[in-house]
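Engineer: When you get a sec, could you give me coordinates for this:
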Amino acid sequence: MRLEAALLEYSYSQDYSPTTRAWYRSRLGAFAAWLRSAGIADLDDITPSTIRQYQDYVRTRPSGRRGRGEAKPLDSFTVHGHTRAIKSFLNWAVAEELLDASVVKRIAMPRRATKVMPVLNPDQIRRLTLACDSARDRAVLAVLLDTGIRASELCGLALDRVFFSADDAYLLVHGKNRKSREVGLGRQSRQLLHRYIHRERRAPQEVTAVFLGRTGAPLTPMGLDRLLYRLRDRTGLRGVRVGAHVWRHTYAFNFIAQGGDVLRLSRLLGHTSVATTQGYLSAFSARDARRGQSVFDNL
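Structural biologist: The predicted model follows:
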């Protein structure tokens with residue numbers, strides 16, 4: 001079967017969310033372009049050796065934009081992601097009897113480097129919060145920190161998925177792979193979110209998104225990113241990463257530091273596998289080790 005036809009059929013067969021669909025389209029599109037440059041046009045011509053060559057290509061391909069500093073090779077997480085997308089496509093082809101199963105079995109997933117995830121410290125969080133000049137901005141930071149939800153989940157949050165009561169408050173979040181989960185709100189985030197919705201938020205009745213941009217349209221992940229970095233620039237915290245995923249890391253790190261268990265954290269974050277959540281546990285362990293006693297000071 002022709003590769004382009006197989007990729008198109010695969011995209012039709014998967015019931016992915018728009019964000020997940022775009023993730024696979026990006027990686028499989030890059031793979032298809034590389035195959036074309038290598039003269040491979042049929043699905044039958046893909047071998048384990050082909051995948052290894054592509055992994056080497058991705059691994060050594062420089063990243064970054066011209067004029068913005070020296071380009072660096074892509075990291076192991078990026079190579080792993082490309083391979084995962086390719087294996088998903090090839091596993092589909094095997095299930096459709098378009099490809100021999102031995103091809104996929106002989107494709108090894110590349111190892112990912114162990115890295116300490118960036119988190120915000122209490123002083124940075126305090127300074128970013130003080131930089132807020134609206135109830136919306138304070139509510140955004142409070143929800144990110146208190147729930148660890150993704151940028152797409154925060155921007156996709158609708159009014160009818162926010163629940164307040166005298167003794168409880170929570171969000172019904174629609175996450176990846178169309179899975180919904182409930183995440184609780186603490187006293188402070190509940191108060192800030194309620195204040196924003198009922199005092200500051202102004203929108204036509206048909207606009208149901210909780211968080212709105214400056215024009216009154218629903219806030220987008222790109223708009224959220226601009227908001228977070230605008231707050232950072234006000235504080236003078238140069239070089240500090242403050243994107244929504246860093247807040248997610250910060251939530252997870254502090255959840256574990258405060259005695260939470262990994263299984264519960266996995267459910268709250270909406271991870272499909274607990275193995276994904278173990279990465280946050282590794283980040284906590286690395287920082288915990290760093291804060292150990294000083295041999296020199298105690299000599």
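Engineer: Counting neighbours, which bits of the strand or helix carrying R195 end up buried?
Structural biologist: Following DSSP states H and E, one finds R195 within helix 187-195. Within helix 187-195, the residues scored as buried using 16 or more other CB atoms under 10 Å are S189, R190, Q191, L192, L193, H194. Bear in mind the C-beta positions are built from the backbone N, C-alpha and C, glycine included.
Engineer: repeat for stretch 27-46
Structural biologist: R27, L28, A30, F31, A32, W34, L35, I40, L43, I46.
Engineer: ok, back up a step: so how far is the helix holding R195 from its chain's centroid?
Structural biologist: Centroid separation between helix 187-195 and its chain, computed with CA atoms, centre = their mean, to the nearest Å, is 25 Å.
Engineer: Report the backbone C-alpha coordinates of the next helix or strand after it in CSV.
Structural biologist: As assigned by DSSP H and E, the chain's next helix or strand after helix 187-195 is helix 221-235. C-alpha atoms of helix 221-235 as CSV (Å, rounded to 0.1, in the frame of the first residue of the first chain):
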residue,chain,number,x,y,z
PRO,A,221,-3.1,28.2,25.0
MET,A,222,-1.0,30.7,23.1
GLY,A,223,-2.7,33.6,24.8
LEU,A,224,-2.2,31.9,28.2
ASP,A,225,1.5,31.5,27.4
ARG,A,226,1.8,35.2,26.6
LEU,A,227,0.0,36.1,29.8
LEU,A,228,2.3,34.0,32.0
TYR,A,229,5.5,35.4,30.4
ARG,A,230,4.1,38.9,30.6
LEU,A,231,3.7,38.5,34.3
ARG,A,232,7.3,37.1,34.5
ASP,A,233,8.7,40.1,32.7
ARG,A,234,7.0,42.4,35.2
THR,A,235,8.7,40.6,38.1
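Engineer: Counting by contacts, list what helix 221-235 packs against.
Structural biologist: helix 122-130, helix 135-147, helix 151-155, helix 244-257 (3 or more CB pairs under 8 Å, 6 or more residues apart in numbering; DSSP states H and E).
Engineer: Sketch out the low-pLDDT regions of this structure for me.
Structural biologist: Along the chain, segments meeting pLDDT under 70 span 62-74, 112-116, 177, 273, 275-276, 278-299.
Engineer: per-domain residue ranges of it.
Structural biologist: Domain segmentation of the chain under automatic domain parsing yields 3-105, 122-290.
Engineer: Reformat the ones you listed into a markdown table and put distance to R111 next to each item.
Structural biologist: A markdown table is the format used below for the domains of the chain (distance: least, CB to CB, whole Å):
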| stretch | distance to R111 |
| --- | --- |
| domain 3-105 | 7 |
| domain 122-290 | 14 |
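Engineer: Please state the backbone phi and psi of P110?
Structural biologist: Dihedral angles of P110 (phi, psi; degrees, to the nearest 10) stand at phi -70, psi 150.
Engineer: Was I right to think it contacts V79?
Structural biologist: Yes: using CB atoms under 8 Å, P110 is in contact with V79, at 5.0 Å.
Engineer: Name the residue in the two with the higher neighbour count.
Structural biologist: Set P110 next to V79 and count neighbours by other CB atoms under 10 Å: V79 wins out with 23 against 18.
Engineer: Tell me, how many residues neighbour T235?
Structural biologist: Applying other CB under 10 Å, we find 17 other residues in the vicinity of T235.
Engineer: just the one 3 residues further on next, same as before
Structural biologist: By the other CB under 10 Å criterion, the neighbourhood of R238 contains 7 residues.
Engineer: next one: the one 5 residues further on
Structural biologist: When neighbours are counted by other CB under 10 Å, G243 registers 16.
Engineer: gap between it and G216?
Structural biologist: 24 Å (CB to CB, to the nearest Å).
Engineer: CA atoms only for the helix or strand where A33 lies - export them in PDB, please.
Structural biologist: Using DSSP H and E, A33 maps to helix 18-37. Presented in PDB, the C-alpha positions along helix 18-37 are these (Å, rounded to 0.1, in the frame of the first residue of the first chain):
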ATOM      1  CA  PRO A  18      -7.800  17.900  18.200                       C
ATOM      2  CA  THR A  19      -4.600  18.500  20.300                       C
ATOM      3  CA  THR A  20      -3.600  14.800  20.100                       C
ATOM      4  CA  ARG A  21      -4.400  14.600  16.400                       C
ATOM      5  CA  ALA A  22      -2.200  17.600  15.800                       C
ATOM      6  CA  TRP A  23       0.600  16.000  17.800                       C
ATOM      7  CA  TYR A  24       0.500  12.800  15.700                       C
ATOM      8  CA  ARG A  25       0.100  14.700  12.400                       C
ATOM      9  CA  SER A  26       3.200  16.800  13.100                       C
ATOM     10  CA  ARG A  27       5.500  13.800  13.900                       C
ATOM     11  CA  LEU A  28       4.100  11.500  11.200                       C
ATOM     12  CA  GLY A  29       4.300  14.300   8.700                       C
ATOM     13  CA  ALA A  30       8.000  14.800   9.400                       C
ATOM     14  CA  PHE A  31       8.500  11.000   9.100                       C
ATOM     15  CA  ALA A  32       6.700  10.900   5.700                       C
ATOM     16  CA  ALA A  33       8.700  13.800   4.400                       C
ATOM     17  CA  TRP A  34      11.900  12.000   5.400                       C
ATOM     18  CA  LEU A  35      10.800   8.800   3.700                       C
ATOM     19  CA  ARG A  36      10.000  10.600   0.500                       C
ATOM     20  CA  SER A  37      13.500  12.200   0.500                       C
END
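Engineer: Understood, closing this out.
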